[in-house]
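Colleague: Structure of the sequence below:
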Amino acid sequence: MMATEYTPNYNLDLYASADKPNLRDQYNAAMGKIDTQMKKSADDVTNANANVLTLQTQVTEAQKDISALESTVETHGTQITDVQKTADDALSLAKTNEGDIADTQADVTSLTGRVTAVEGAAKKNETGIASLDTRMDAAEGNITEAQNDIDGLQTAVNEKAPINHASTANTYGQGSSTNFGHLKVTDTAGETAASTGTATSPKGVQNAIKEWLTPTIVQLPNPSAGSWAQGLRQCAVYKKWKMIKFTFNLTLPGSNNPEYVTIAKCSQLGIPNPSSDRTLYATARAYTAGVNGQAYIGNMSVTTNGDIRADGWNTLGTSKVHWQQVTSIQVMIDYSTW
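Modeller: Okay, here's the model as predicted:
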């Protein structure tokens, strides 16, 4: 017979006084319920322990968060204090500005009155300016006319030479072969054309005449044969005229003379060599026995290599006449065509 009563929590079998016990079925069933419930309770305890560990971890993290929040709250408190101070300062400044604004408003009111007065004066000046503009237009016209007159006078003045009009340039007109004008005077004579506007002074002309008439005196070297007599051994070179004049007295042996005696070189006289051999006829006087002997007319010659020579002998019929004395004849020799 089954139990008719049960425990209120786990529904275990209870026997009433009238029940007949059934130990095998009812006891085993009760043990099974107890075992099942204990297993469930043990599992619940295990799960609860795991949940406790989880909660402990969460509590630790929460404590950290709380510490951080407490620090943040402390910082915010400091910031709030600073903000409060800034707000107090701003309020104080606003009160100060309120007074300044009131003063500024008074200044603006005063300036408004002054501007109104200035505007009135400006309107009066505007009329005066319009009148001045008209007068200035008329004055500008008069100035333009005066400037035109001045320009005309300046042009006329510019065309007139000043009283003292010496100049390093040909500003006031240069003289030439066709035009009267200014000339620049120089003490140096030259070959400048009239177109240069240069004239030679009397001193320059005198210097030029001296230069033309005064030769360069060159002492002749020792002759290639014989010797110089009486100290006469020179040549006058007129470079401006391109002419030369010899003055010499040459003594020769009088027998076995060379055909030519070289008395100088063109280079020694500062003149060019001729392009061909030149014979200078009748430029010397020759004697057979000194100046007291028989006299003949002799020649001189110049070679292309610049040798200036006097004849040493000449022929008379079929005989050679050897000179003993040869002197120069005072003649001018032109070398301009050499």
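
Colleague: How far away from the center of its chain is the helix or strand hosting Ser131?
Modeller: Taking DSSP states H and E as the definition, Ser131 sits inside helix 28-158. A distance of 55 Å separates the centroid of the chain from that of helix 28-158, by CA atoms, centre = their mean, to the nearest Å.

Colleague: and the helix or strand just after that helix, which residues are buried?
Modeller: Read in the C-terminal direction, the helix or strand following helix 28-158 is strand 184-186, with elements assigned using DSSP H and E. Of the residues in strand 184-186, Lys184 count as buried by neighbour count, 16 or more other CB atoms under 10 Å. From N, CA and C alone the C-beta is placed, and that goes for glycine too.

Colleague: Quick check: phi and psi on the residue positioned nearest the centre of the chain?
Modeller: For the chain, the residue nearest the mean C-alpha position is Ala169 (31.7 Å; CA atoms, centre = their mean). Main-chain dihedrals, Ala169, degrees, to the nearest 10: phi -120, psi 170.

Colleague: measure it to Lys184 for me?
Modeller: In this structure, Ala169 and Lys184 are 10 Å apart, going by CB to CB, to the nearest Å.

Colleague: any idea how far Met38 is from Lys203?
Modeller: Lys203 is 160 Å from Met38, by CB to CB.

Colleague: Also Leu220?
Modeller: Going from Leu220 to Met38 by CB to CB gives 168 Å.

Colleague: same thing with Ile209?
Modeller: Noted for Ile209: a distance of 166 Å to Met38, by CB to CB.

Colleague: Please apply the same query to Ala16.
Modeller: Applying CB to CB, the value for Ala16 to Met38 is 26 Å.

Colleague: likewise Asp100?
Modeller: Between Asp100 and Met38 the distance is 89 Å, computed by CB to CB.

Colleague: now do Asn299
Modeller: Using CB to CB, which is the criterion applied here, Asn299 is 177 Å from Met38.

Colleague: In terms of neighbours, single out the busier of these two.
Modeller: For Asn299 against Met38, the residue with the higher neighbour count under other CB atoms under 10 Å is Asn299, and the figures read 16 against 10.

Colleague: For the helix holding Ser131, give the mean pLDDT please.
Modeller: Taken as a whole, helix 28-158 carries a mean pLDDT of 77.

Colleague: so what does that helix touch, helix or strand wise?
Modeller: With contacts defined as 3 or more CB pairs under 8 Å, 6 or more residues apart in numbering; DSSP states H and E, helix 28-158 has no helix or strand neighbours.

Colleague: The spatially closest residue to Lys245 that is not a sequence neighbour bridge partners, please.
Modeller: Sequence neighbours aside, Ala236 is the residue nearest to Lys245 in space, at 4.6 Å (criterion: CB to CB, 6 or more residues apart in numbering). Applying DSSP bridges to Ala236 gives these bridge partners: Ile217, Lys245.

Colleague: Run a quick neighbour tally on Ala236.
Modeller: Residue neighbour count, defined by other CB under 10 Å, stands at 17 for Ala236.

Colleague: Then Met243?
Modeller: Neighbours of Met243 under the rule other CB under 10 Å: 17.

Colleague: Leaving out the residues flanking it, which one is nearest to it?
Modeller: Counting by CB to CB, 6+ apart, Met332 is the residue found nearest to Met243 once chain neighbours are left out, at 4.8 Å.

Colleague: per the record, what domains does this protein have?
Modeller: Segmentation of the chain into domains, based on automatic domain parsing, reads 5-67, 213-334.

Colleague: Kindly compare burial across the ones you listed and name the winner.
Modeller: domain 213-334 (a mean of 16; mean count of other CB atoms under 10 Å).

Colleague: quick one: terminal-to-terminal distance for that one?
Modeller: One end of domain 213-334 sits 15 Å from the other (CA to CA, to the nearest Å).

Colleague: what about it, average pLDDT?
Modeller: Here the mean pLDDT over domain 213-334 is 93, rounded to a whole number.

Colleague: could you list every residue that touches the closest residue to Lys242 other than its chain neighbours?
Modeller: If you skip the residues right next to it in sequence, Lys242 has Ser336 as its closest partner in space, 3.8 Å away by CB to CB, 6+ apart. Taking CB atoms under 8 Å, 6 or more residues apart in numbering as the definition of contact, the neighbours of Ser336 are Trp241, Lys242, Met243.
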